[in-house]
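J.: just coords:
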């Protein structure tokens, strides 16, 4: 598993880590019970503060995506958290709004935006 962070892009590093881990899980690169690198090891590889990695892991654990075994590491909890549909939609709404705003600024049609989203979704493959 390769995680890359870009400090200068305006997105917090812990959010970049969260996003990449979510993508890896959705794409099937990380599966249930796969171990994640220890916080200190990943932080050293990325040359960032261990607290940044810990924050990403804690947020993902809070969301039910990861689970931590005290003294035993951090593991993928499953393919998707068991959230209510309303909570799932609440979490995605800001991303959808941002995507719609960007598409309008770039003068993409609704159809082009929907096609882009469908293609991106299809690239992740079918859920196992």
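T.: Received, thanks. Bear in mind the structure is a predicted one, so any value in this text is a computation, not a measurement.
J.: worst-scoring helix or strand of this structure, pLDDT-wise?
T.: Lowest by mean pLDDT, DSSP states H and E among the helices and strands of the chain is helix 85-105, with a mean of 86.
J.: which outside residues touch the following helix or strand past that helix?
T.: On the C-terminal side of helix 85-105, the nearest following helix or strand under DSSP states H and E is helix 110-123. Residues outside helix 110-123 that contact it (C-beta atoms under 8 Å, 6 or more residues apart in numbering): 27, 99, 100, 103, 108. From N, CA and C alone the C-beta is placed, and that goes for glycine too.
J.: just send those back as TSV, with distance to residue 7 and neighbour count too.
T.: As requested, the contacts of helix 110-123 are exported to TSV (distance: C-beta to C-beta, whole Å; neighbours: other C-beta atoms under 10 Å):
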residue	distance to residue 7	neighbour count
27	24	11
99	24	15
100	28	13
103	27	17
108	29	16
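J.: if I look at the spatially closest residue to residue 77 that is not a sequence neighbour, how far off is residue 48?
T.: Nearest non-adjacent residue to residue 77, counting by C-beta to C-beta, 6 or more residues apart in numbering: residue 67, 4.4 Å away. Per C-beta to C-beta, to the nearest Å, residue 67 is found 23 Å from residue 48.
J.: count of residues packed around the residue nearest to residue 77?
T.: Residues near residue 67, counting by other C-beta atoms under 10 Å, number 15.
J.: may I have the secondary structure class of it?
T.: With DSSP: H, G, I helix; E, B strand; the rest coil as the basis, residue 67 sits in strand.
J.: got it, and residue 32?
T.: Note that with three-state DSSP, the state of residue 32 is coil.
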